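# just need the structure, nothing else, for what follows:
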Amino acid sequence: MATPILQIDKLTKSFGDLLLFRESSFGIAEGEKVGLIARNGAGKTTLLNILAGKEPYDDGRVVFRNDTRVAYLEQSPTFDPDLTVMEACFSSDNEVVRLIARYEEVIASGDTSNLEEVLTQMDFHNAWERELQVKQVLTWLNITDFQQKMGELSGGQVKRVALANVLISEPDLLIMDEPTNHLDLEMVEWLEERLTRSSVTLLMVTHDRYFLDRVCTRLLEIDDQQIYAYKGNYSYYLEKREERVMAQQAEVERARNLLRKELEWMRRQPQARGTKAKYRIDAFHDLAEKARGESAEQSVRFAAKGSYIGKKIFEAKNVSKRFGDIRITESFNYTFTRYEKMGIVGKNGTGKSTFVKMLLGEVKPDSGYFEIGETVRFGYYSQEGMEFDEQLKVLEAVQKIAEVIDLGEGYRLTASQFLQHFLFPPEKQYDYVYKLSGGEKRRLYLCTVLLKNPNFLVLDEPTNDLDILTLNVLEEYLAGFKGCLIVVSHDRYFMDKVVDHLLVFHGDAKIQDFPGNYSQYREWKAEEDRREAAEAKAEAVKIEAAKAEAINPGKGRVALPNGKTDELGVGSSGETDPETTDLTTHGSKKGEKKRLTYKERQEYESLEGEIERLEKEKESISELLSSGNLPAEELISQSERLSLLLEQIDEKMMRWLELSERA
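Here you go, the predicted model:
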């Protein structure tokens, strides 16, 4: 059995009248990777702060194994603004990191009296390799100016430096609050793989459900002031949580049925009740408390009508934009169709948010323009969010936007009913905005965007700081949304559920239109990478064959993948006799490779031309798909043809490689 690294016993925490969790107990074993799930405001970050020693608790015990080193990635980390990136990374409590920091101080001071001692210690602890590792991690996270001051970085860059800091500190227990925020999709997948391979004990809060599914071995859920444990990944959690909710629903229904009978009994009792009935009266009050529980999970399936939207949505016409030497778009053209649901993905810094802001008119293109349809009404959810009047109540904040929202077909929701759908119960609606958690404020901001009844939603990183239950609600809303949608997001699960095709920003103004969701794109990209690797291998074989021919003309020596060469049986003229080739091969020595038959040589000679023809067709289709000018039907047709071409190229390339070893 794995050694416990952390044990929590009967932990209780409240803020004034708000009870977060009561007498909750759980443990984390060495090597476990645990995800923590809860609604915004239920106490996820508070629990992490308690375990990291940054927040007191009311009652209970938090016990770590002796000498446990803990590293904590906060949701919004802060650093001394005068520190450089490297100094910030060397601030963690780790002996090797402290040595590197000391070495940097000695070099910076010019006092070399202690230099020899420091160098000896660095050699002993292999600290030089650690410095290289730090720079590699930072580079993976797209932080390349190691001497830049922390005060000059954006909030997302600061979060990535903090992430690098905890990764290189090699703790016994790594605690992370929303580690995937401000990462692009490639960074998320890199972090996912790193944590999966690592033996570190992990406790994290994240809204990324694919990340939870692939990294975590156990999940904890804070629900109704209790902490529930699930042994398994996110998929297992969904199954078992449903069972728990159903069981609780049945228990609440039983309690309500009993409560009806007890109410009748209570009404029949005289005002002066005897002591014999006291136990039953006490039991009645306990029963009433149980019966107040939720009888079922709230239904979230509803769809806003959206205001009328015409056939013309928008056209991007020769749009070009650059910042200095960085090209965002170059003569970009695209026609957005009615009810289209597009996802935008790409590395950080490739221009995704800039593209959105150009569409909305917040940033002007250098040349070209966006032509927007007359009926289009944008609803924009930005990364920056909005400033609320903190003294307003939640309900008042949304009523300033709209009192009701039209669902179509005669159905309407009041602002209060709409808030309930987005997990603000009636009692929460009368809380002041300043009392809300960061995630609850983001959820409230989302409500204000949707209540404006737009017909074209533009959502820039909507999943940051939203809990999984809110994301489920938003996904259901968008599934039935009768309008257009553009989503910029690093959340793969969310993208798979709500968009039907992608604009992929590769950088340097290269934008690819891909017909499918993110998982389908990754499958296509993996296949493309394999094909390119096969092409590179084939090219290497051709080069080696040409070199061999140049060194020893007429001998037909071809370099094989294992580094050896194969000498073919040829006549003095350098030409093979088609009538005798097969016989000569049959009579060859054991272990000698068969030479090509006459038919195989004809096939080999024709394959290069076939592959070249297919490659040209592939390039032509790729250009069409990237142009953004194809109608939907043609886009699907050409994409299917491209998939078939890739299969044919792979098949013919492998056959060419096979024959080239004997040519």
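# which stretches of the stretch 501-650 of the chain aren't confidently modelled?
Residues of the stretch 501-650 of the chain meeting the criterion pLDDT under 70: 547-594, 625-633, 635-636.
# please apply the same query to the stretch 1-150 of the chain.
Per-residue confidence of the stretch 1-150 of the chain (counting by pLDDT under 70) places the weak regions at 1-2, 91-94.
# what ranges does it have for its helices?
Residue ranges of the helices in the stretch 1-150 of the chain, as given by DSSP state H, counting those that start in this stretch, are 44-51, 85-89, 95-109, 115-124, 127-140.
# mind checking which of those is nearest residue 211?
With respect to residue 211, and counting by CB to CB, the nearest of the helices of the stretch 1-150 of the chain is helix 44-51 at 15.2 Å. The way it works is simple: take the backbone N, C-alpha and C, and place the C-beta from them, glycine included.
# please identify which helix or strand holds residue 413.
Using DSSP states H and E, the secondary-structure element containing residue 413 is strand 411-414.
# returning to that earlier point: what's the closest of the helices of the stretch 1-150 of the chain to residue 61?
Nearest to residue 61 among the helices of the stretch 1-150 of the chain is helix 44-51 (11.4 Å), distances taken as CB to CB.
# against which helices or strands is the closest one packed?
Under the contact criterion of 3 or more CB pairs under 8 Å, 6 or more residues apart in numbering; DSSP states H and E, the helices and strands touching helix 44-51 comprise strand 4-15, strand 18-29, strand 33-38, strand 173-177, strand 201-205.
# domain-wise, how is the chain divided?
If you go by automatic domain parsing, the domain ranges for the chain are 4-238, 239-291, 314-514, 521-660.
# possible to save those domains as JSON lines with distance to residue 308 and mean neighbour count?
What follows is those, written out as JSON lines (distance: least, CB to CB, whole Å; neighbours: other CB atoms under 10 Å):
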{"stretch": "domain 4-238", "distance to residue 308": "33", "mean neighbour count": "18"}
{"stretch": "domain 239-291", "distance to residue 308": "39", "mean neighbour count": "12"}
{"stretch": "domain 314-514", "distance to residue 308": "6", "mean neighbour count": "18"}
{"stretch": "domain 521-660", "distance to residue 308": "21", "mean neighbour count": "14"}
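# just to revisit the earlier point, next, format the helices of the stretch 1-150 of the chain as JSON lines and append distance to residue 15.
Written out in JSON lines, the entries for those read as follows (distance: least, CB to CB, whole Å):
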{"stretch": "helix 44-51", "distance to residue 15": "8"}
{"stretch": "helix 85-89", "distance to residue 15": "31"}
{"stretch": "helix 95-109", "distance to residue 15": "35"}
{"stretch": "helix 115-124", "distance to residue 15": "46"}
{"stretch": "helix 127-140", "distance to residue 15": "36"}
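# ok so, going back, next secondary structure after the strand holding residue 413?
Helices and strands here follow DSSP H and E; after strand 411-414, the next one along the chain is helix 415-421.
# contact partners of that following helix?
Contacting residues not belonging to helix 415-421 are listed as 298, 300, 302, 394-395, 398-399, 401-405, 413, 426, 429, 447, 450-451, 473, 477 [CB atoms under 8 Å, 6 or more residues apart in numbering].
# measure residue 619 to residue 542 for me?
Distance, residue 619 to residue 542, using CB to CB, to the nearest Å: 19 Å.
# under the pLDDT cut-off, which ranges of the stretch 251-400 of the chain? List them.
The low-confidence ranges in the stretch 251-400 of the chain, as defined by pLDDT under 70, are 251-307.
# all helices for the stretch 401-550 of the chain, in order.
For the stretch 401-550 of the chain, the helices defined by DSSP H, counting those that start in this stretch cover 415-421, 438-450, 468-479, 492-498, 518-551.
# got those helices as CSV, with distance to residue 128 columns?
Listed next are the helices of the stretch 401-550 of the chain as CSV, based on distance: least, CB to CB, whole Å:
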stretch, distance to residue 128
helix 415-421, 57
helix 438-450, 40
helix 468-479, 43
helix 492-498, 37
helix 518-551, 33
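# and those helices: which comes nearest residue 647?
Using CB to CB, the helices of the stretch 401-550 of the chain put helix 518-551 closest to residue 647, at 8.8 Å.
# just checking, what packs against that closest one?
Counting contacts by 3+ CB pairs under 8 Å, 6+ apart, the secondary-structure elements packed against helix 518-551 are strand 341-346, helix 492-498, strand 501-507, strand 510-514, strand 558-559, helix 632-660.
# how about JSON lines for those, with distance to residue 54 added?
Putting these into JSON lines (distance: least, CB to CB, whole Å) gives the following:
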{"stretch": "strand 341-346", "distance to residue 54": "35"}
{"stretch": "helix 492-498", "distance to residue 54": "30"}
{"stretch": "strand 501-507", "distance to residue 54": "37"}
{"stretch": "strand 510-514", "distance to residue 54": "43"}
{"stretch": "strand 558-559", "distance to residue 54": "61"}
{"stretch": "helix 632-660", "distance to residue 54": "50"}
